[in-house]
Structure formats: C-alpha cells, structure tokens
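Q: test case, fold it:
(chains A and B)
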Number of protein chains: 2
Amino acid sequence: MTTPLRLGIAGLGTVGVGVVKIVRQKANLLAARTGRPVVITAVSARSRDKDRGVTLSGYAWEDDPVALATRDDVDVFVELMGGENGPAKASIEAAIAAGKDVVTANKALLAHHGQTLAEQAESAGRVIRFEAAVAGGIPVIKALTEGLAGNDITRVMGVMNGTCNYILTRMLDARLSYDEVFAEAADLGYLEADPNLDVGGIDAGHKLALLASIAFGTRVDFDAVELEGIQRISIEDIRQANDLGYRIKLLGVAQMTGRGLEQRMSPCLVPKNSPLGQLKGGTNMVVIEGDAVEQIVLRGPGAGEGPTASAVMGDICDIARGIRLSTFGIPAKSLTTARTAQSNSPAPYYLHLTLQDRPGALAKIATALGEHGISIDRMRQTKHDTTDAPVLIVTHKTQRADLDAAIQAMRASGVMAADPVALRIEMV
Amino acid sequence: MTTPLRLGIAGLGTVGVGVVKIVRQKANLLAARTGRPVVITAVSARSRDKDRGVTLSGYAWEDDPVALATRDDVDVFVELMGGENGPAKASIEAAIAAGKDVVTANKALLAHHGQTLAEQAESAGRVIRFEAAVAGGIPVIKALTEGLAGNDITRVMGVMNGTCNYILTRMLDARLSYDEVFAEAADLGYLEADPNLDVGGIDAGHKLALLASIAFGTRVDFDAVELEGIQRISIEDIRQANDLGYRIKLLGVAQMTGRGLEQRMSPCLVPKNSPLGQLKGGTNMVVIEGDAVEQIVLRGPGAGEGPTASAVMGDICDIARGIRLSTFGIPAKSLTTARTAQSNSPAPYYLHLTLQDRPGALAKIATALGEHGISIDRMRQTKHDTTDAPVLIVTHKTQRADLDAAIQAMRASGVMAADPVALRIEMV
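A: Numbers count the residues shown, from 1 in each chain, chains lettered A, B, ... in the order given. Coordinates of the predicted model:
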C-alpha cells in the first residue's frame, strides 16, 4: 500500500500539537514502519489564530469538527478535543457515519458512550482506537488486547492518575498537607478544569472501566466503579502508613470474581517496596494478571505532550498498517453485561481512629472489632497532646462489610472523637 | 473469517505443552478474540511415547519437523524445538517455502539467521513472529514495533536472563558464593544444557541483538554485542555494591550514538531503588526510551510454561486476526547495517582492586587514575587480615578506554595482588 493515510485532527491542545509535530518530523520513519505515507490534510480547533509553535499552513482548516470529520480527504478522524458529550461525540458519530476510522484520547466519552460508538463503528466496518485514553504513553490496551490474547485475565490494577500520584508522593516527600499540595498542583497546571475529575478518582475510574471491559470481555460499566477520592487523605495517614511499611496510592482494581465483576478506584495502602509502592510523581503503572502470563507490570508517563502523542501515533500506525480490531478486543455486540460485585474480597485494612481520651474507650473499640470477627494484626496509640487519642490499627484480612459494621458499632459506642479513616491494604 | 487457523507444533517441551493446553482449554476465548477457531492439526517431537500430561490423540503425529512444517493442513508452523541450526532452521525454511507463517521462540536461531529467514519469509509474503524469544511473557516486541511506532527509539535496556538474575539476587540474599548458587541453579534445572549460554550472557545477548534490530531498524548483529558474563562476580562485590547503594545486574544496553550502535551485555551496577535494581529472581525487565514517550518499563516473568506460551499465543492470535507485519518491524531488505560503536559512552565505574599491602601502593593506583584523567568519587580501603589490601573505588564519569588504560598502568606498576574488577555503573 502506498496510498497515503490522511488524518484530520480535531483539537490542537498539548496532545494535538504533539501529534502534528510527530507527523511532520518523522515522515520517513512513519512511512518505513507502516509502508505508506502518513499525512495530515485538515485540522480544527477553537481558535485559529493562537500560536501553537507548529506550522499548520499546509492543512485545511475547519472551524467545525463535524465538518472536519466528514471531509472527503480524511481517512482517520483524530479526536483530541475531550469532553464527554458535545462536539467530541457529535464529530466521532459523524466520522463513523462518513466511513472514517477514529483515534481518540477521550476516556470520559468512551467510559459513557463506548458501547454505542463501538457498535456504530463495527456495523460500519470502522475502528475506534484509544490507546492514549488509558495510562498515557504506556501501550497497555495493545498489551491486553493483543499481546496477552491467550490469557484469561484475572485482575487488572493500576495507578492511572498522575496528578493524584503527584499529590500523594509530594505530601510524603515535602511533609505538606493535602491542601498545600493541591494548591501547588493547581499552580503547576496539573489539575483538570474540574479538579474533582482528578482528586475524586473519576478520571482514573473512567480508565479502569475501559480496561475492565477489554480484560473481561464485558460492556463498559463506569457506573459500577466504586469511587473514592484522595481528598480525605491526611499527611498524618501518609506518614503513619510509611512508618508501617506502606505507601498510599489511588489504586484502581478490576477483578472478576465468582460473585461478578469488582471495580474500585480508591486510596489503598501498598507495600513500600512493591513496584506500585515505588511509583513517584506523575508516572502511571498498570499491573495485569493472567492465568498463563502470571503478572506483567507496565510503567510509564501518564500524561504530557510526547507520551500521549506517542500513544495516539501507535493507533494511527496500526490503522496505516491495516491492523483492524474490535474497539474492546471482541465485537461490541458480543460483550457481556457483568454482574456488579461489591468489593468484598477480604483484605487487611488500615484504621485510623480518633478516640475520646477516657478510660474504657479502647476496650469499646476492641470489642466492636472482635464482635464482627475482625482480629488485630498491629495496633499503636500515638503520643498526643490533645484530649483526643489517635489509635492506628492494622487488621488481619477481613471483608469490607464486616469492617463497616464494626465501624458502625464504634460510632454508636460514643467514644469516637472523629470519623474513622479505613483504607484497604492491597498486597501486590 | 470463520476458517480455522491450523497450527502445526514442533517441539513438545515445557513451552510446547503450554501452548497445547491453552489451545485446548480456551477454544471459545480464542475464537471470540480472533474471530475464528484456532486449532492444532499436527505435532512433532523427539519422543512420541513420553507422557506430557496433555492429550495429543486428536493430532496427526510427524517424527520429522520438516514433514510437519510442509503439511497441507498446517497454516502456521510453531517452532518450539530450539537450537541455532539443525531441525529448527531446516523446518522453518521448509515452512516458509511451503507458504506457512511461522511463530518461534528461538532467539539463538534468529540472532544468527534472522535476516536471511526474514527476507525469505517476506519475499514469500509470510510472517515470522517471535515474541516469546525475548523476555518471556512480556509483550515487548509488540510494544516496540507497534505501540511505540511513532518514536525514534533512543535506548533499550534490560535484564533478560532470569537465571543470571536469580543467581545474583540469591547470592546477596543468602550470602552464598557464585559457585554455591550456580550449583543450586543447576539442581533446580534453571540452567541451559550449556550453562555458558546463561552465565556467559550469550542468551541475553541474543535477545538484546533482536531488540536492537527492531528498535533501530538495523540488521541483527549479534557478533557486535560486547559480551561479559557473570562468572567473575563475587559475593564480596555484591555486598560492597549493596553497601554503596547499588545492585549488580547482568544488564543489556543497546543505544544509537553518533558513532554508531552500541550493544553490550555485561554485569553493571544499578541504583538499588531503581526499577532495575529492585528486580528479583527470574523476573525480566525491559526499559525502552523513545523521543516522544520518554521511558516505558515492562516487567514480567522471563521464562516458564505459562508466560512463554502466553507470548507464543499472542503471536498466533495476531496471525489469526490478520495482523501481518515485517519480522523486524520494517521490511528486512530496508534494515540498515549499523556501524558498530565500542561502548565508550562515559559512565561512573566501580573498581575493586587488590593491592599488595606495602607503602606507596595506593599512591601508585591514584597516580595511574589521575594520569588518565579519571577522578575518584568515593574510595574505601576495607579491613583485611591478609597481606593483600582490598580497595574499592567509585570513579566519576569516565570512558571505558581511559579506564582500561589506567588499569594497564596499575598492572604495570607492580603493586596489584590480583586482577582488578571494573564494573560500569548504569544510571537508569
């Protein structure tokens, strides 16, 4: 094939500009690798006049991404605008209807509309590729869909929001509070326009839902992801966890169990010396477990111009080479609807309790745990100058439901001076 | 496509049996993922009667792998016999000539004959896939060839021989000598029939040469790999390196420089807390650096039935899905012949010197280093009860050629009681 592959790129922010640069600077490399020229014919963005540090003069300009998506001289519509609905969705639908393939980095859109869009694309014989939507530059979708295709996947885990990992590692390293580091991250431009997408775990939850679909052959079900953000993580918990040999990470886990599919994105403790525990700053990590391969760990930059553009280009090169797979690895119509399982697989938990400093308080707590069948692995009462006594407990393996019942009983006992912090310890 | 993909498997050792099990047990999964049934039609191995714990009765048997490779009812010839020449080479050539695709795990064969075989396959419109030949279950060839296709790769590094990594980590953990752990590894069946393939770095060197070809678009050039094994690594060096904050790993590095392609496989010091430094036992790790993606780290089991069969199945599924790429990522005839660069990029070095315990010895050593422009970052003379004085030196960055000249001068000075150990410190 020597027919050029013609791209229409909608969205010229950091990632879009990164893609333009690669296509311009690496024409020979891309042609050698894919066997045909890869060219840009048209682009679209909100502002035509902005200086983006890259020449766009050779490309047709469209103000309307839908017009771009349906141009005759576009083979692949590259959607890098973002947004769960609006122009992104409208233009991808228009592209498919016009017979174009689609490459996107839009996790929110796919987490909500992936099934519908995949069905539309597959009935039209078109592909939707989205490597850049999950874990930035790490080719994790390719690894899951293709490299590990001979495995029954048992578990997928990962740290997939660089901003949260930056905040948590910076809190520990600089001994700063959540609010202080949050303000820093905002100044550095690390946060989404709605910061809750990051710190509330929503962005990472979107990614987890997409990976779960590919891993287990199930329809994307973002609403079933149990979400818990990092907003309540204190420097005290980070330090205590560190003293106990753990790091706190916003960890996503998707696991197929006898009860159904567990999907959770929540702050967890992981062993300090594990690959996940070692992960610093904005780096992402995905752990894939399969019955044949055992465990694969993939680590790389989770965001940024180069890494995200690298992932987009991987998808584009696949299309140029004629690699055409179903959006989620198997035809969208064969994806099953998984039963949602509450995350109740047993695990040790870290508990940070604040007790009123009076006789018998600890006994009531210990009783509440004992009565719910929860045994204590380690306990320490830290030094305190206030009237409240902080108590740290690491439990033996227990189910979340039992722990929640015990916490209910603690609250009812009238000795708690603050709401407890309970974090799962994930052995990885 | 609902035509079955028909496999002929030659070699029913650990990996071959692993592949048979997956094809038998996961028929539905494989058909769902690839869109067509994947079946075995015929097998071949040295002994027909051996109990391999898996049923072979449904498959035709061939004593001769060449006969298997050319059967009309075989679409893909799966070569899992091993060996650089002999039946493996003959049967792959026969398979290509008969119009079959080939999947192999044979690194030695491809490191020596990859170029010729790739050219044969590509003129015949056939593919040769070999994910299982490099880093076991880790889909690293796919990541390099496809996922990172938009990058100029700048460096590929890795720990790719599980046996060596087992020996080195076990020496540290159990405080055992090289000879003791080597004997253990032999008892556990971890060593190749010719153990020099493992501990001499040859097996890992084959893998590095294959990765370098894919990464840089160059012809496989195993002879240009600077090879140094782990046979001379002492428990003393492992402990001293550990005290200095490093681990010793058999590390492969392939790097394109202005002077040409550097390829070396040698014991190096890496920071204890780096992903490579953390790697224990038989696990493999590959680090890929590209101009867009920055750095990707892939970690997983480097050998074993399940992981290696997983990699073979990934290749088979790609063929079933119609994914057909050139053997080394670009057509074999376009691979360039790289100039070989001696590994002379500057790095700090670890030196373990054994001096005669007499006045002026240290001064001569320091003079030899100084006269070759090598400055000392850290030096320690350890306690000794013998007449020889062990001296440890960490240099600032220097070129290997200068260091070798300094070592020559040390030898000539007549104060050395034993040959020095000089290991590169790789910052990763």
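
Q: what residues does the stretch 251-400 of chain A have near chain B?
A: Contact residues (Cβ under 8 Å from any Cβ of the partner chain) of the stretch 251-400 of chain A with chain B: A:273, A:275, A:278, A:290-301, A:304, A:306-307, A:309-314, A:316-318, A:321-325, A:329-331, A:334. Bear in mind the C-beta positions are built from the backbone N, C-alpha and C, glycine included.

Q: ok, how many other residues are close to A:L353?
A: 25 (other Cβ atoms under 10 Å in any protein chain shown).

Q: and it, helix, strand or coil?
A: Look at A:L353: counting by DSSP: H, G, I helix; E, B strand; the rest coil, its state is strand.

Q: same thing with A:W61?
A: strand.

Q: which helix or strand contains A:V156?
A: For A:V156, the host element (DSSP states H and E) is strand A:153-159.

Q: mean confidence score for that strand?
A: For strand A:153-159, mean pLDDT rounds to 97.

Q: so how far is B:G150 from the residue of the stretch 201-350 of chain A found nearest chain B?
A: Distances between the stretch 201-350 of chain A and chain B by Cβ to the nearest Cβ are smallest at A:M313, namely 2.6 Å. Distance of A:M313 to B:G150, computed by Cβ to Cβ, to the nearest Å: 3 Å.

Q: what touches both of the two?
A: Counting by Cβ atoms under 8 Å, 6 or more residues apart in numbering or on different chains, the shared contacts of A:M313 and B:G150 are A:I22, A:L30, B:A292.

Q: return a PyMOL selection command for the buried portion of those residues.
A: The buried subset of those, as determined by 16 or more other Cβ atoms under 10 Å in any protein chain shown, is captured in PyMOL by this line:
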select buried, (chain A and resi 22+30) or (chain B and resi 292)
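
Q: list the buried residues in stretch A:42-58.
A: Buried residues in stretch A:42-58 (16+ other Cβ under 10 Å): A:A42, A:V43, A:S44, A:A45, A:R52, A:L56.

Q: oh sorry, the question was meant for stretch A:262-278
A: By 16+ other Cβ under 10 Å, the buried positions in stretch A:262-278 come out as A:262-271, A:274-278.

Q: ok so, going back, quick one: which of the buried residues of stretch A:42-58 is nearest A:L176?
A: A:R52 (34.2 Å; Cβ to Cβ).

Q: show me the contacts for the closest residue to the closest one other than its chain neighbours.
A: Leaving aside its sequence neighbours, A:R52 sits nearest to A:V17 (Cβ to Cβ, 6 or more residues apart in numbering or on different chains; 5.1 Å). A:V17 makes contact with A:R52, A:G53, A:V54, A:E305 under the criterion Cβ under 8 Å, 6+ apart.

Q: find the helix or strand that A:V17 is a member of.
A: Going by DSSP H and E, A:V17 is part of helix A:14-25.

Q: rewinding a little: nearest to A:A133 among the shared contacts of A:M313 and B:G150?
A: B:A292 (16.9 Å).

Q: all helices of the stretch 51-200 of chain A, in order?
A: Here the stretch 51-200 of chain A has its helices, by DSSP state H, counting those that start in this stretch, at A:65-69, A:86-97, A:107-123, A:140-142, A:162-174, A:178-187, A:196-199.

Q: in terms of contact, does A:L250 touch A:D203 like I think?
A: No. A:L250 lies out of contact with A:D203 (Cβ atoms under 8 Å); the separation is 10.0 Å.

Q: what sits in contact with each of these two?
A: With Cβ under 8 Å, 6+ apart as the test, A:L250 and A:D203 both reach A:N161.

Q: wait, a strand at the residue of the stretch 201-350 of chain A closest to chain B?
A: No. If the criterion is three-state DSSP, then A:M313 is helix and not within a strand.

Q: what's the pLDDT at it?
A: For A:M313, the predicted pLDDT is 98.

Q: pull up the gap between it and A:A185, please.
A: Computed as Cβ to Cβ, the A:M313 to A:A185 distance reads 28 Å.

Q: other residues contacting stretch A:69-83?
A: With contacts defined as Cβ under 8 Å, 6+ apart, stretch A:69-83 is touched by A:5-13, A:15-16, A:19, A:41-42, A:60, A:62, A:65, A:68, A:87-89, A:91-92, A:94-95, A:97-98, A:100-106, A:108-109, A:312, A:316, A:319.

Q: how far out from the middle of the chain is that stretch?
A: 24 Å (Cα atoms, centre = their mean, to the nearest Å).

Q: is it true that A:V159 touches A:N284?
A: Yes. Using Cβ under 8 Å, A:V159 is in contact with A:N284, at 5.9 Å.

Q: where do the contact lists of these two overlap?
A: Applying Cβ under 8 Å, 6+ apart, one finds that A:V159 and A:N284 are jointly contacted by A:N165.

Q: which PyMOL command selects the buried ones in the residues of the stretch 251-400 of chain A next to chain B?
A: Applying 16+ other Cβ under 10 Å to those, the buried members can be selected in PyMOL as follows:
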select buried, chain A and resi 275+278+290+292+293+294+295+296+297+298+299+300+301+304+306+307+309+310+311+312+313+314+316+317+318+321+323+325+329+330+331
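
Q: so of the residues of the stretch 251-400 of chain A next to chain B, which ones are in strands?
A: A:G290, A:E294, A:Q295, A:I296, A:V297, A:L298, A:R299, A:G300, A:P301 (DSSP state E).

Q: got those residues as JSON lines, with pLDDT columns?
A: Converted to JSON lines, these look like this (pLDDT from 0 to 100):
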{"residue": "A:G290", "pLDDT": "98"}
{"residue": "A:E294", "pLDDT": "97"}
{"residue": "A:Q295", "pLDDT": "97"}
{"residue": "A:I296", "pLDDT": "97"}
{"residue": "A:V297", "pLDDT": "97"}
{"residue": "A:L298", "pLDDT": "98"}
{"residue": "A:R299", "pLDDT": "97"}
{"residue": "A:G300", "pLDDT": "97"}
{"residue": "A:P301", "pLDDT": "96"}
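
Q: between those, which is nearest B:T395?
A: Looking across those and measuring by Cβ to Cβ, the closest to B:T395 is A:R299, at 30.1 Å.

Q: A:L12 looks like it's in a strand, true?
A: No. Residue state for A:L12 (three-state DSSP) corresponds to coil; a strand is not indicated.

Q: for it, which residues are in contact?
A: The contact partners of A:L12, by Cβ under 8 Å, 6+ apart, come to A:V20, A:V43, A:S44, A:A45, A:K50, A:R52, A:L56, A:L80.

Q: does the fifth one belong to a helix or a strand, and which?
A: If I follow you right, that is A:K50. Taking DSSP H and E as the definition, one finds A:K50 inside no helix or strand.

Q: against B:E146, how distant is the nearest residue to A:G13 once chain neighbours are set aside?
A: The shortest distance from A:G13 to any non-neighbouring residue, by Cβ to Cβ, 6+ apart, is to A:L80 (6.8 Å). Counting by Cβ to Cβ, the gap from A:L80 to B:E146 is 20 Å.

Q: ok, A:Q381 next?
A: With Cβ to Cβ as the criterion, A:Q381 and B:E146 are 55 Å apart.
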